[in-house]
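Asker: coords please:
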Amino acid sequence: MEKLFKLKENNTTVKTELAAGLTTFMTMAYILAINPSILGAAGINSNAVLIATCLASVIGCFCMGFMANLPFALSAGMGLNAFLAYTVVGIMGVAWETALMAVFIEGVIFILLSLTSVREAIFNAIPLPLKTGVSVGIGLFIAFIGLQNAGLCVDSSTLVTIVDFRESFSTAGICALLALIGLFITAVLYIREIKGSILIGIVVTWILGMICQLIGIYVPDPDNGAFSLFPTAIISFDFSDLGLTFGKCFTHGLAGTSIFNFIAIVFSFLFVDMFDTIGTLIGVSTKAGMLDKDGHLPAIRPALLSDAIATTCGAVLGTSTTTTFVESSAGVAIGGRTGLTAITTGCLFALSTLFSPLFTAIPAFATAPALMMVGFLMFEGIKEFTFSKETLTDSIPAYLCIIAMPLFYSISEGIAIGCISFVLIKLFCGKKEDITVLMYILAALFACKYIFL
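Answerer: Predicted coordinates for the structure are as follows:
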C-alpha cells in the first residue's frame, strides 16, 4: 500500500483511506437509484443502466486511484444524465443509442484534450482566488443539494422555502426532521473529533428512519414517492440485462437527428462536462490542500484522463457521462488523501452490482446531513479572502462565482461568471497584467456560450 499510494508522504493511513472511500461511496450511492430512473425515462432498461453505472464508476475510480493517486470518485454525472434523457431524447427526439454515441465521442475528444495538455492548461490558468471561490461555491452548492434531498428546502412562491413539517408528517415531514437530527448528530460527532463522524451520521440517520417505520411514525406511500426504508432484497446475480445497452452506442448512427444537431449535442456534453469536472477538481483539491504554491494540482493530467476514459467506457456500457463527483469532498473531509480512497469507492461500486438492493435502499434524507456538513467544511475557504482595496479585483469575481453556483444550480455557471467578471473587472480597473492569455480566451468562450447557446 505504501509503495502504491505513498501513504506516509500524504500523512494518512490505510484505515483512514478505507473509511474515506466508504464515506464517499455512501454519499454518492444515491446515483445508483437516480440514474436508472432518469435514463429509464429515455427508454433505456433501468437494470442495465444500474449495472453500467456501477461498472463505469469502477473503471473511473480505479483509473483515478492508480493513474493519479487522488481520492476522487467518479460516477454518472447528475445534470448530464437529465440532459440526455429529457432534452436530447425527450425533446429533440434523438434515439437513446445515438445520444450514447454522442457521449462516447465526447469522451474520445476529452482523452485527446487531456493528452495534449489543453484541459491541464485551462485548470492552471484559473487564478488562485477564483479556485478558492470555486471551492467555497461548491460547498454552498452541495449544502443546497443536501437541503433538497432532505426535503427541508421546497418550492414556493418565493422560489424556495422551508418545508411545512406538519403537512404529510408521516412521509416528507418526518424525513425532513430526521435529516435535521442527523445533521445535529454529525456536527456533534465532528466537533468531538470522532473519526468517521460523517459516515456514522449517515448510518445512524438511516437506522432512526427504520425505527420510525417500525413504530409507525413513518408510513411508506409509494404513490407519493415515500418508499420503505428497508431493502426489499440483499443480493441479485442477474447481469443479463447489460446486453441491452452494451455497445448499442454504435448501432443506430444518427437516428432521429441531423449531423449538425449531433455536433451541437456532442459539444453541449463536452462543454458542461469539462467545466463541471474542472470545477470539482479545483474545489475538492483546494479543500484537501493538494494544490501547490502556484495553485496547480500536480496530478491534474492523469486525473482528467481518468475522467475521460470513464466517460468513454461508460457510453459503451450504456450510461451517460461519467464525471468526478463533488461528493468526493466527503471522503476528503475525513482524511482521504490518496488513490486508495478512490480504489475503495470503486470496489464498493463493484460490490454494489451484487448488493444493489441494499445500497439503493439508503434514503436521501440519510445522506443529506453528510452533504450539508461537507458544505460547511468547504465553506471555511472563505477565510482566505481579504477585502482591502488592493484585493477587490480578486475577491469580487470570486464572490460572484460563489453565489452563482447554488443560485444557478450549476458549477459550470459559477466558473463562467467568475472568469468573465475577473477579466472585465481587471481590465476596467487597470490591472490587465494579472490576466493571462488563456483567461481572455476562457472569458470570450463563456461570453459566446451565453450569446449563442
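
Asker: contact partners for residue 29?
Answerer: Neighbouring residues of residue 29 by C-beta atoms under 8 Å, 6 or more residues apart in numbering: 352, 359-360, 362, 367. In short, each C-beta sits where N, CA and C put it, glycine included.

Asker: from those residues, which is closest to residue 391?
Answerer: residue 367 (37.0 Å; C-beta to C-beta).

Asker: what bits of this protein have low per-residue confidence?
Answerer: Across the chain, the ranges flagged by pLDDT under 70 are 123, 360, 453.

Asker: report the residue ranges of every domain in it.
Answerer: Per automatic domain parsing, the structural domains of the chain span 2-380, 385-452.

Asker: just name the most buried of the ones you listed.
Answerer: Here the criterion is mean neighbour count by mean count of other C-beta atoms under 10 Å, and of the domains of the chain the winner is domain 2-380, at a mean of 21.

Asker: distance across it, terminal residue to terminal residue?
Answerer: From its first residue to its last, domain 2-380 covers 31 Å (C-alpha to C-alpha, to the nearest Å).

Asker: all strands for the chain, in order.
Answerer: In the chain, the strands defined using DSSP state E lie at 74-76, 153-156, 159-162, 322-324.

Asker: for residue 42, give me its contacts.
Answerer: 84-86, 89-90, 96, 99.

Asker: 6 Å - rerun?
Answerer: Applying C-beta atoms under 6 Å, 6 or more residues apart in numbering to residue 42 gives the contacts 85, 89, 96.

Asker: now do residue 12
Answerer: 335, 337.

Asker: any chance of the contacts of residue 29 in a markdown table, plus distance to residue 417?
Answerer: Shown next, in a markdown table, are the contacts of residue 29 (distance: C-beta to C-beta, whole Å):
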| residue | distance to residue 417 |
| --- | --- |
| 352 | 36 |
| 359 | 36 |
| 360 | 36 |
| 362 | 34 |
| 367 | 29 |
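
Asker: between those residues, which is closest to residue 177?
Answerer: residue 367 (15.9 Å).

Asker: surely that closest one meets residue 28?
Answerer: No. Using C-beta atoms under 6 Å, residue 367 is not in contact with residue 28, being 8.3 Å away.

Asker: follow-up on the earlier one: could you dump the strands of the chain to a markdown table with distance to residue 128?
Answerer: A markdown table is the format used below for those (distance: least, C-beta to C-beta, whole Å):
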| stretch | distance to residue 128 |
| --- | --- |
| strand 74-76 | 25 |
| strand 153-156 | 32 |
| strand 159-162 | 32 |
| strand 322-324 | 20 |
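
Asker: wait, which of those is closest to residue 399?
Answerer: strand 159-162 (20.7 Å).

Asker: quick one: strands adjacent to the closest one?
Answerer: Take DSSP bridges as the rule and strand 159-162 pairs in its sheet with strand 153-156 (antiparallel).

Asker: hmm, back to that, and of the strands of the chain, who's closest to residue 11?
Answerer: Distance to residue 11, taken as C-beta to C-beta, is lowest for strand 322-324 among the strands of the chain, at 22.5 Å.

Asker: what are the pairing partners of that closest one, and which direction each?
Answerer: Using DSSP bridges, strand 322-324 pairs in its sheet with strand 74-76 (antiparallel).

Asker: contacting residues for residue 333?
Answerer: 374, 377.

Asker: which helix is the longest one in the protein?
Answerer: helix 259-288 (DSSP state H).

Asker: does anything pack onto that helix? Which helices or strands?
Answerer: helix 96-115, helix 128-150, strand 322-324, helix 328-333, helix 411-428 (3 or more C-beta pairs under 6 Å, 6 or more residues apart in numbering; DSSP states H and E).
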